[in-house]
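[1] no FASTA, just this:
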């Protein structure tokens, strides 16, 4: 049994800065290089999952979707990104590749299977695969609202746009900001 995805907005505030990244597409080495350059440090467990990630000024990451496909290490990217979101060190929005992966992970179909689903099912134990499915069904949102505590302005983040059907459903603030 699979559950329907939950489309809720994400609103997050931090004391300092946001690092905004999009279209990682399975390029874990490049993701890690950017995180290190920005001052992030982390530990991993024996299976390569991030167990703790920190930043000296409490900066966070806003991921703009498309975590998998194309690059050589989609699973490694997910093992870095999912714990960051779970630990509150990041927010993540849906990209078009994420929509396709989620549809194929949950057997909803309608999208061409790029092979990432087969790779995930073959490489991950059931518990880890369930963690990935949970991330795709509940943690990824169509958009995120972010704000640094030192600024009154809220940023609206999306992968490639905000569909009309999402306006007014989760956030009046989003609807108001998109109207102006």
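    That came through, no problem. Quick caveat, the model's predicted, so the values are computed rather than measured.
[2] which residues sit against the longest helix that the chain contains?
    If you go by DSSP state H, the chain has its longest helix at helix 74-86. If you take Cβ atoms under 8 Å, 6 or more residues apart in numbering as the criterion, helix 74-86 is touched by 24-28, 31-32, 35, 42, 44, 47-51, 53, 61, 63, 67-68, 71, 90-92, 116, 119-120, 123-124, 131-132, 135, 139. C-beta: built from backbone N, CA, C; applies to glycine.
[3] Put the buried members of these into a PyMOL selection.
    Here is the PyMOL command that selects the buried residues among those (16 or more other Cβ atoms under 10 Å):
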select buried, resi 24+25+26+27+28+31+32+35+42+49+50+53+61+63+67+68+71+90+91+92+116+120+124+131+132+135+139
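[4] Distance-wise, check residue 21 relative to residue 100.
    Separation of residue 21 from residue 100 (Cβ to Cβ, to the nearest Å): 20 Å.
[5] Check which residues of the host helix or strand of residue 101 are buried.
    Assigned by DSSP states H and E, residue 101 falls within helix 96-105. Going by neighbour count (16+ other Cβ under 10 Å), the buried part of helix 96-105 is 97-105.
[6] same thing with stretch 134-145?
    Quick answer for stretch 134-145 (16+ other Cβ under 10 Å): 135-137, 139-145.
[7] Please consider this matter closed, and thank you.
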